[in-house]
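Undergrad: Need coordinates for the following:
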Amino acid sequence: EERDWVANRTNLTGDIGSLEQEDNSWHVVRALNCGNTAILDGFTIRRGYAGGKGYARHGAGLLVLNSQPEFEANPLIKNCRFIKNIAPDGDGAAIYNDKGSPTIESCFFSQNETRGDGGAILTEGTDSHPKIIKSIFQNNLARKEEGGAIFSFSPTILIDNCEFAQNEGNKGGAIYTGSK
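TA: Numbering: from 1, shown residues only. Okay, here's the model as predicted:
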């Protein structure tokens, strides 16, 4: 039987200590070399604070990482809400994807913020082919850099039937693509 994720919301939060955000979890969820059978469905992921070094600077809500060529990191993320995740000195506050090919479907991104690239999502890697489908991006911020909602260094990215409103970035308020 399917669970009713609308009526029965499940919150995953990085807010684990004091009222100060600096002690929050660096990543609320991590998908490391998880293959294509991993599914994250119907969760609210909020208040991650990627304030560390290295990968701990990115992906306060979700870090998708394919660290070894023999593995894959291709999770399905659907019906999720990413709210108020912060990467103060990194990129991709809600989702940071490095060398993975996640499918992000019917998700909602709001009030995610970074001083780097990709207020909500940053994706990179020559073998990365993410898909973002039927998702909504509102009020996400790349404070000093590009891609208020999405920044992509990936060679191919599919963005289909998504809505963007009031996202801000130095360049590309909604979407910015580039190469390293």
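Undergrad: show me what contacts the spatially most central residue of the chain?
TA: By CA atoms, centre = their mean, the chain has its centre lying nearest to Ile95, at 1.4 Å. Listed by CB atoms under 8 Å, 6 or more residues apart in numbering, the contact partners of Ile95 are 59, 61-64, 77, 82, 102, 104, 120-123. Placement of C-beta: from N, CA and C, glycine included.
Undergrad: what's the closest of those to Asp41?
TA: Ile77 (7.9 Å; CB to CB).
Undergrad: On the pLDDT front, check the closest one for me.
TA: Looking at Ile77, its pLDDT reads 96.
Undergrad: can you check Ile157 too?
TA: 93.
Undergrad: and it, how many neighbours?
TA: Look at Ile157: counted by other CB atoms under 10 Å, it has 19 neighbours.
Undergrad: tell me the contacts of it?
TA: Contact analysis of Ile157 by CB under 8 Å, 6+ apart lists Thr123, His129, Pro130, Lys131, Ile132, Ile150, Thr177.
Undergrad: Repeat that for Val29.
TA: If you count contacts by CB under 8 Å, 6+ apart, then Val29 has Leu12, Leu40, Phe43, Ile45, Gly61, Leu62, Leu63 around it.
Undergrad: Listing partners with orientation, what would you give for the host helix or strand of the first one?
TA: Under the criterion DSSP states H and E, the helix or strand holding Leu12 is strand 10-13. Taking DSSP bridges as the criterion, strand 10-13 pairs within the sheet with strand 43-46 (parallel).
Undergrad: Where does pLDDT dip in this structure?
TA: Counting by pLDDT under 70, the ranges of the chain that qualify are 1, 18-21, 179-180.
Undergrad: returning to that earlier point: most neighbours of all the contacts of Val29, which one?
TA: Neighbour counts for the contacts of Val29 (other CB under 10 Å) peak at Gly61, which has 35 neighbours.
Undergrad: Run through the neighbouring helices and strands of the lengthiest strand in the chain.
TA: Across the chain, the strand with the greatest residue count (assigned by DSSP state E) is strand 141-146. Applying 3 or more CB pairs under 8 Å, 6 or more residues apart in numbering; DSSP states H and E, one finds that strand 141-146 contacts strand 113-114, strand 168-171.
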